[in-house]
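1. Predicted model, plus sequence, below.
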Amino acid sequence: MRILLIEDDTVLGAAVRDQIAGDGQSVDWVTRLDAAGDALRGVGYDLILLDLMLPDGRGIPFLRALRARGDVTPVIILTALDQVSDRIEGLNAGADDYLVKPFDLAELSARIGSVARRYTGNPNPIVTHGPLDIDLAARRVLRDGKPVTLTAREWALFEAFLSRPGQLLSRAQLEDKLYAFDSEVESNTIEVHVSRLRKKLGSTVIETERGLGYRLGRA
C-alpha cells in the first residue's frame with residue numbers, strides 16, 4: 001500500500017514514516033498542502049494521513065476540495081484538535097477516521113489496516129485461502145495450521161494480491177505500491193519477493209503471466 005503523509009511536525013512525521021515503512025508499506029512524506037497537491041497529481045495513493053494545521057493552510061478545506069473533485073482516497077486525520085466539534089467537522093468533510101495526537105504508533109497501524117480493509121471490500125480481518133489462514137489485522141499467516149514468518153515487504157506484497165484477487169498486477173504497479181519516491185529499487189526486487197512467497201506459502205500461491213505481471217493463484 002502506498003500512503004501519503006501530510007505532516008509538518010518533523011519529529012512526529014519521522015516516527016510515523018518509520019512506523020509505516022516498518023509495516024512494509026510505502027510512504028511519501030510532505031510538510032505542506034501545496035506539495036501534497038503536487039504528489040496527488042502524480043501518484044495514485046491508497047491512503048492519506050492528514051494533519052489539520054499546515055504552514056500553508058488548514059487540512060479541512062483541502063479535504064473538502066479533494067472530495068468535491070470526486071477523489072475517494074481514504075483519509076485518516078492526525079491532529080491535536082480534540083474537541084468533539086473538531087471530530088464532527090473532520091468526519092463531515094469526508095475523513096474516514098480521526099486520530100488525536102499524541103497517539104500510539106501501533107494504534108495508527110491498526111487504524112490504517114482497518115480503513116484499508118473497508119475499502120477493499122473485506123472488513124473481516126480473517127481470510128482463508130486454500131491451506132492458508134490469514135489474519136489481516138495481526139499480519140499472521142498459518143499454513144496447514146503452522147505459522148509462517150513473512151518479512152514486512154513479503155507481507156505487503158502478499159496483501160496487495162489478497163486485496164485484488166484475480167487481478168493481474170504488473171511489476172511496475174507492485175513497485176509503486178511498495179516503494180516511495182526516493183527508494184532505490186533493484187530490477188529484480190519483485191521477482192525475488194515473489195519467489196520467497198512461493199517457497200513459504202506454496203508454489204502456486206502467485207501465478208506469473210510472462211511479460212505481463214502476477215496474480216493471486218491457488219495456495
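-> Here it is on my side, so go on. As the structure is a prediction and not an experimental result, all values here were calculated from the model.
2. any chance you could map the strands in the chain?
-> Ranges of strands within the chain are 2-6, 26-30, 47-50, 53-54, 57-58, 75-79, 97-100, 126-129, 132-135, 140-143, 146-148, 206-209, 213-216, based on DSSP state E.
3. worst-scoring helix or strand of the protein, pLDDT-wise?
-> None of the helices or strands of the chain scores lower by mean pLDDT, DSSP states H and E than helix 171-178, at a mean of 82.
4. name the helices or strands packed onto the helix ranked longest in the chain?
-> Secondary structure of the chain read by DSSP state H shows that its longest helix is helix 105-119. Applying 3 or more Cβ pairs under 8 Å, 6 or more residues apart in numbering; DSSP states H and E, we find helix 105-119 packed against helix 10-22, strand 47-50, strand 75-79, strand 97-100. The way it works is simple: take the backbone N, C-alpha and C, and place the C-beta from them, glycine included.
5. just to revisit the earlier point, mind putting the strands of the chain in a markdown table, mean pLDDT and distance to residue 111 included?
-> Below are the strands of the chain laid out as a markdown table (pLDDT from 0 to 100; distance: least, Cβ to Cβ, whole Å):
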| stretch | mean pLDDT | distance to residue 111 |
| --- | --- | --- |
| strand 2-6 | 95 | 12 |
| strand 26-30 | 93 | 15 |
| strand 47-50 | 96 | 10 |
| strand 53-54 | 96 | 20 |
| strand 57-58 | 95 | 22 |
| strand 75-79 | 96 | 6 |
| strand 97-100 | 94 | 5 |
| strand 126-129 | 85 | 18 |
| strand 132-135 | 90 | 17 |
| strand 140-143 | 92 | 18 |
| strand 146-148 | 94 | 25 |
| strand 206-209 | 93 | 28 |
| strand 213-216 | 93 | 25 |
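6. need the ones you listed in CSV with mean neighbour count and distance to residue 164, can you?
-> Formatted as CSV, the strands of the chain follow (neighbours: other Cβ atoms under 10 Å; distance: least, Cβ to Cβ, whole Å):
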stretch, mean neighbour count, distance to residue 164
strand 2-6, 24, 14
strand 26-30, 22, 16
strand 47-50, 24, 16
strand 53-54, 16, 33
strand 57-58, 12, 35
strand 75-79, 24, 21
strand 97-100, 18, 22
strand 126-129, 14, 13
strand 132-135, 17, 15
strand 140-143, 17, 18
strand 146-148, 11, 21
strand 206-209, 15, 12
strand 213-216, 19, 7
